[in-house]
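In: Fold the following.
(chains A, B, C and D)
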There are 4 protein chains.
Amino acid sequence: MIRVGIVGGTGYTGAELLRLLSTHPHVELRTITSRTEAGRAVSDLFPSLRGTLKLCFSQPDSNSQLSSCDLVFFATPNGVAMQSTPQLLQAGVRIIDLAADFRLRDACLWHQWYHREHTCPDLLQQAVYGLPEMNRKAIATARLVANPGCYPTAAQLGLLPLIRHGLVSGDTIIIDAKSGVSGAGRSASVGALFGEVSESFKAYGVGGHRHLPEIRQGIACMSSPTSAPFTGELVFVPHLTPMIRGIHATLYCPVKDRSVDLQALYEETYANEPFVDMMPAGSHPETRYVRGCNQCRIAVHRPQEGNTVVILCVIDNLVKGAAGQAVQNMNIMFGLDEQAGLNCPALMP
Amino acid sequence: MIRVGIVGGTGYTGAELLRLLSTHPHVELRTITSRTEAGRAVSDLFPSLRGTLKLCFSQPDSNSQLSSCDLVFFATPNGVAMQSTPQLLQAGVRIIDLAADFRLRDACLWHQWYHREHTCPDLLQQAVYGLPEMNRKAIATARLVANPGCYPTAAQLGLLPLIRHGLVSGDTIIIDAKSGVSGAGRSASVGALFGEVSESFKAYGVGGHRHLPEIRQGIACMSSPTSAPFTGELVFVPHLTPMIRGIHATLYCPVKDRSVDLQALYEETYANEPFVDMMPAGSHPETRYVRGCNQCRIAVHRPQEGNTVVILCVIDNLVKGAAGQAVQNMNIMFGLDEQAGLNCPALMP
Amino acid sequence: MIRVGIVGGTGYTGAELLRLLSTHPHVELRTITSRTEAGRAVSDLFPSLRGTLKLCFSQPDSNSQLSSCDLVFFATPNGVAMQSTPQLLQAGVRIIDLAADFRLRDACLWHQWYHREHTCPDLLQQAVYGLPEMNRKAIATARLVANPGCYPTAAQLGLLPLIRHGLVSGDTIIIDAKSGVSGAGRSASVGALFGEVSESFKAYGVGGHRHLPEIRQGIACMSSPTSAPFTGELVFVPHLTPMIRGIHATLYCPVKDRSVDLQALYEETYANEPFVDMMPAGSHPETRYVRGCNQCRIAVHRPQEGNTVVILCVIDNLVKGAAGQAVQNMNIMFGLDEQAGLNCPALMP
Amino acid sequence: MIRVGIVGGTGYTGAELLRLLSTHPHVELRTITSRTEAGRAVSDLFPSLRGTLKLCFSQPDSNSQLSSCDLVFFATPNGVAMQSTPQLLQAGVRIIDLAADFRLRDACLWHQWYHREHTCPDLLQQAVYGLPEMNRKAIATARLVANPGCYPTAAQLGLLPLIRHGLVSGDTIIIDAKSGVSGAGRSASVGALFGEVSESFKAYGVGGHRHLPEIRQGIACMSSPTSAPFTGELVFVPHLTPMIRGIHATLYCPVKDRSVDLQALYEETYANEPFVDMMPAGSHPETRYVRGCNQCRIAVHRPQEGNTVVILCVIDNLVKGAAGQAVQNMNIMFGLDEQAGLNCPALMP
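Out: Predicted structure coming up:
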C-alpha cells in the first residue's frame, strides 16, 4: 500500500481526489491537512464520503505526518506547494502538485503570469509535467510531478497528433474552450453563485489566461525533431458554461495537407492510451460521456473539406483535468496498473 | 460468475444497470435485448460505456440467450416483464423486474392502477418485494423479485422505524416527494424537454400516482404484530425538480409520544444496514450526497417540539431507487457480499 | 410622477426593483444608495439595465436626496430600514421595506427571531403588512408598508380562502415550500455556489425559519369574526431547488367538510384580484408560468377524495414574493392603476 | 392598430411572438392558427399567457382570417411558409417568415441545404433579409421579410463593422457559437430531453449547418464597394449549452492592421442602433444580460496584441434571434417607433 498524504482538501479538486483515493486498491490515505477545517471529520464537510472515509482534517504544520508518506498530493491554491516541496523532497517524499507551482519551466514566465516570485525556481527544471500521454517515462521516475491544468490537458491531447507530425500549416491555432463552473473552485464568490452563472454563458479572461503559457510550452515540447515546430499565434478563449463538471475544447488548426488521414492518425497516436478515446469519424463527443471518469474523448473533423481542421475534445475537468490525472500519475510513479482505481465508467445520465 | 441478461436496456434505468453491472466483480453480462436497437453496440447508444462494455443489443425474441442466464433483469416499461416471466422461471432463470409488474400483491388493485389485466396474477403472491431493509431473508431465496419504485423506496425507508414501532398517532401521513427528471424516463416527450422543465418546479399526479398503492401496501407490511397498524390517510404528492438525478422525500408524521428518542430509534433500526445512513441530529441531507451511489441518507426532525415529525430522506432515483437496488437484490439472491459492485462513493460536486 | 428612492440596490431584490421601476410609467427614479458601490453606474453592476437606466449609486448618508422623495424602498438586509425609517417618515416620505423589519407586530417576537433589539418598536403597530389581497384598504393610506416575505406570500394566498371561511378542521397545517436559489441573496457564500446547489435538492431550516411567525401572524389576521380561528400547529419546511427564480408552495390542510365546492370558493375569493389566478380544477401550476411576472397561480386538489386538501401555489420569489409586490403596494398607496408597470407576461420558456 | 395573424404558434418561437405581441401597443392579434391545437385556448397551452391573451388556435385552412390581416407572421417549420405566401401577398397581406424559406436568395443553394424544391423561387429575390442593422430601408417597404436565423443574427452583427471596412486580412473567419436548448424547438425528441442535455456540453453539425450559407450570403452583402470583399473560408461550429435561452458567438477574425481603433469603429457603427449595444473595452458580455430582451451586446478584444481579433456577441435566440427581431421588422415595416413593444429590460437574475 502506498502511504498517501493530501495537503489542502477542502476544494473541489481535493474532494475529487478523496473520492478517487478512498476506493483505490493500493492506497492508504494517512493524512489530509487543512488549516481551516483541522479537527473536523472529512465526511462532515463532504457527506458524500460518509461511510467511505473515516479521516479527520489535521493541521498542516504537523509535517511529520506528511514526511512519513510515500507520496503527498498538493490540492492547494497556487503558491502553497512551493513552500513545503523542498523539505518534503528532502525527506524522500514524492510529490504531485495539482496547482500551478511547477507547471512552467521558466521562472520568469511563472513570475509574469502568477505575479509573485517563485520560491524554488531550481525545482522547475526537475519537475516533470504530468501529462502521461506526453511524458509517461519521465513521470515513472519523477520525484516531483506538476499535474497539468484542466484546459491545457484538453487542448494538448487534442493537438498532440497534429503538432507531433508537423501538420499545422498556417499561423494561428485557436482554442475555444468551455468549462463547467467547478473549475472556478469552491471559494465563496459572487461570480460563481448559482444566481449568476445558471442559465447564462460567457467568455472570460480573453485578454490573457494563465493556462495560455502552459499550453504554449506543451506545444513546443510536442514537436518532433524531424518536423517543423509550430511558431505561430496561439489564441485561447475560455468560457463558462452552466454545468458543474466538464470541459469541451474546440480546436481550430490550419492543415493544408489533404493527403493525411486524420482519423487514422489520431487513432494510431492514441491506440495504446488507456485514457484517450478516439471516437468514430463524424462524432460529437459530449462532456457527459466523461462525467466522473478519467477519459478524454476526441473527434476530428474537416468541415466543408476546407483548410481548417476542427478537433473536439472533452474531459471532466475534475478528473482527467485534475484529480484523476493525478491518480494516473501516481499509478505510473509507483509502478501500478495505470488504471487502478480509475475504471469507473462515466455517470450518464 | 453470475450469468446475467437484461431485457430492455435503452432507458435510463437500463443505462444505469449497465454502468453498475459492467464493473461488478461477479457478473458476466451475457445478453441485452432491445427491439429498437438490436444489432447496435451498446456503447454506441451510451458512449459513456465505450471501452467498458463490448456487448451489442440483440433481438428480444431469441429467448434462448436469456434462458441460459442465471438471472434476468427486466428494465422494460410496465407490462412487458409479465409476458415472459413465466417461461423464464420455468427455465430456471431467476428474475428481477425493475418495472411495476409484480410490485402489488393484489391483482385487482394492479388492474385498477395499471389499466390492464395482469397476465400472471398467480405470480403476484410468489414475487418478493425487493426492499432489502424489509425483506432481506425472503429476497435471498426468491426466484422472482419485484424491485421497488423510486418514490416508494424513499418513503418506506423513511417511515419504517415509526410504523414498525406503532408510533404514528394521528390519522394522516403526508409524503411530499421531489424527483429529478430522469424519473420520467428516456422517451421523447414534450413534457420532459429541457426547455420545459429546466428553471421550473411543479407538482404532478396529485389526483393519484401509481406509487401510492405500493407505499400503502408497504406500510401495511411493516407493522409489527404487537403494535397497532396505521389505518389512516396517506397523502402522496410527487413533484418534478430541475435536476437529472435524485429524490428528496419530506415525510410528515403525527407522533404524539415525546418520550421516544427518535434519533436513537432510527440509528438503531438502520445500524446494520449497509445502504441506509442515518445522519446526525439536525442534518439536512441533500440529494447530491447520494448522486450515483446506492445510499439512502435520512434525517429526522421534530420542528418546534410539536406533534409532527419531519423525516428527510434522499436517494438517487436511478440507483437505490432502481438499478442499484436491483444489484443489491442480486447480491443477496446469489449469496454475494451485499455491497459488491456498489461501493463507489457519490459524485460530489 | 412619483419621486422614488431606493436604499440598497445591489442584491437580487434591488435588481428586480430596478428592472420594474425603470419602465414604470409613473415613476421617476431619483436616487439609489449603496455604501459599497457608491459612484458606480447601476448598469455597470447590472449590465441588463444598460440603455434603460442612467443612474449611479450614491452614498446612503446623503439623506437629503431620500428626504425629497415621495417614496423610499428599502431593499436592504434585515435591521437596516429601522435605522432611518423614523427620520424619513418625519420628513413626510412614505416607505416600503422589502426586508423583515416591520413584518411582525410583536417586538418581542421580532427580537426572538431576528436576534436583536428593534430600534423603533412603536412603528411596528403603525406599519401595514403589504399583502394587498388581505390589506388593500390599509395599504392605500399607509405611510409605512412592510412588504411580505416570499414564502409567506405564497403560503398566505394559498390558505386565505380556507382560513377566512373557517374550513380547516384538523389540528395541523403543513407548508412544504420550495424556492429557487435567488431567495438566498446575492452575497458570496459557499452554500449558494453553482457547484453546491445545481443538480441537488435539500430542505433547510427545518428546526425553525423566520417566515414561520410571519405566516402564523397572517393566518391569525385572516380569520373572520364569525368563524373559528385556526389554533392548531403550523409546520413549515422550506427547500432549495436548483433554479434561479420561483417558489412552489404545497399546502396540506385538513378539511372534513365535503359540502364546500373548493374550486368555486377559491375562484370567488380571487375573482377581482389582478394578481391571483385561480387555475382550472385539476391543474398543476409550474413556477415558469409566473417567471418574471407578478402573478400568483393557484390550484386546489382533494386527493383520493380524502380529508386533506392540497393547495398548489406558485409565485416568482423576486416579483410577487418581493419587488413586484412592492410595486403593487406603491401603486395602491399612490392611487395608480394597481397593474401599472406590472403587466408583462411571464417569460416562458 | 395593425391587424396581425400568426401561422403556427405552438413552438418556442411562436410562444415568444405571442408574449411580445400580446402587450404591443399597436397590435391587434386577430388570429393564430395551428393544425394540432385548433380550438384550444392559447393560454391553455401556454399558461404564462393566462389573463393576457384570450385567443384560441384556429384551423390554418380558414385563410380568410389571414387574408384580412395587415401582416402575417409564419412561426412554422421550414417549408410551410412558402406554400401560402404567394396567395397572401396577392391578397395584399405583408409577411414576415421566421423560418428559413426566404433567407437564401439562390434557389439552388436553398435546395441543396433544405433538401427539397423551393415552391416559389421567384419570391426569393423579392424577399428582404430582415436584419435591420443591414437592411433597414429595404425592410421599411418590403412586402415579404425573411427573418434571419438566430446564429446568423449574432454572427453578422459581430462581423459587420470589420467586413464593411474590409479589415479582415487573413483567409479564415471562425464562428464558434453556443446556443441554449430552446433553439432546438419544442418538438418531442430524445436529444433535447433534460436528462440528455443538462449538465453537458457538445458541438453538433460540425460537418455543415444550414446557417452557414446564410452567414456567407450576409457577409457577401456587407462588403462595401470600396473595400475588398472577404473571399476566404468561413468555419462555423455550433454548440449546445445547458440553458434555455441565449446565444454566445465567439468570432475569430484575422486583422493585421493595428492602426484601427476597433472599439471606436464598433461604437461608431452601432451608435444609432437601438438594439445593438457596444460594451466597454475589455468587457465579457453574458447571455443573461439579454435574457428576454431584443438587445445584442458586443465586445471586441485583441488578445496578446496579436493578429486575431476576438468578438464576443450575445443575443437571446428567441428574441433578437427570432421573435423580437420579427417584431422589430414589423415596427419598421409599419412606420412605428422601432422599439415599440420591445423596451422591457432583460430578466436578470
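In: Next, please give the residue ranges for the helices of chain A.
Out: Ranges of helices in chain A, per DSSP state H, are A:12-22, A:42-45, A:63-67, A:81-90, A:107-114, A:122-126, A:132-141, A:150-164, A:194-197, A:211-222, A:262-269, A:324-333.
In: in chain A, which helix or strand is least confident?
Out: Every helix and strand of chain A was ranked by mean pLDDT, DSSP states H and E. The lowest is helix A:63-67, at a mean of 84.
In: Using CSV, write down the CA coordinates of that one.
Out: This file holds the C-alpha atoms of helix A:63-67, laid out as CSV (Å, rounded to 0.1, in the frame of the first residue of the first chain):
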residue,chain,number,x,y,z
ASN,A,63,4.6,17.9,8.9
SER,A,64,5.9,14.8,10.5
GLN,A,65,2.7,13.0,9.3
LEU,A,66,3.4,14.2,5.7
SER,A,67,7.1,13.3,5.9
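In: who does it touch, helix- and strand-wise?
Out: Using 3 or more C-beta pairs under 8 Å, 6 or more residues apart in numbering or on different chains; DSSP states H and E, the elements in contact with helix A:63-67 are strand A:2-7, strand A:27-33, helix A:81-90. Glycine gets a C-beta too; all of them are placed from N, C-alpha and C.
In: re earlier: would you turn the helices of chain A into TSV with mean neighbour count?
Out: Output for those, formatted as TSV (neighbours: other C-beta atoms under 10 Å in any protein chain shown):
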stretch	mean neighbour count
helix A:12-22	26
helix A:42-45	20
helix A:63-67	17
helix A:81-90	19
helix A:107-114	16
helix A:122-126	15
helix A:132-141	16
helix A:150-164	26
helix A:194-197	27
helix A:211-222	21
helix A:262-269	17
helix A:324-333	26
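In: what separates A:Leu104 from chain C, distance-wise?
Out: Look at A:Leu104 and chain C: by C-beta to the nearest C-beta, to the nearest Å, they are 27 Å apart.
In: show me what contacts that residue?
Out: Residues near A:Leu104 by C-beta atoms under 8 Å, 6 or more residues apart in numbering or on different chains: A:Trp110, A:Trp113, A:Leu124, A:Pro213, A:Glu214, A:Gln217.
In: rerun at 6 Å
Out: A:Trp110 (C-beta atoms under 6 Å, 6 or more residues apart in numbering or on different chains).
In: ok so, going back, and the helices of chain A, which one's lowest on average pLDDT?
Out: Of all the helices of chain A, the minimum mean pLDDT falls on helix A:63-67 (a mean of 84).
In: near chain C, which residues of the stretch 151-300 of chain A show up?
Out: Residues of the stretch 151-300 of chain A lying near chain C by C-beta under 6 Å from any C-beta of the partner chain: A:Val181, A:Ser182, A:Ala188, A:Ser189, A:Val190, A:Ala192, A:Leu193, A:Phe194, A:Gly195, A:Val197, A:Ser198, A:Ile244.
In: The first one contacts A:Val197, correct?
Out: Yes - here A:Val181 lies in contact with A:Val197, judged by C-beta atoms under 6 Å, at a distance of 5.4 Å.
In: Adding distance to B:Cys313, write the helices and strands packed on helix A:63-67 out as JSON lines.
Out: Listed next are the helices and strands packed on helix A:63-67 as JSON lines, based on distance: least, C-beta to C-beta, whole Å:
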{"stretch": "strand A:2-7", "distance to B:Cys313": "32"}
{"stretch": "strand A:27-33", "distance to B:Cys313": "30"}
{"stretch": "helix A:81-90", "distance to B:Cys313": "41"}
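In: Of these, which is nearest B:Ile311?
Out: Closest approach to B:Ile311 among these (C-beta to C-beta): strand A:27-33, 32.6 Å.
In: gap between the two ends of stretch A:246-262?
Out: By C-alpha to C-alpha, to the nearest Å, the extent of stretch A:246-262 from end to end equals 25 Å.
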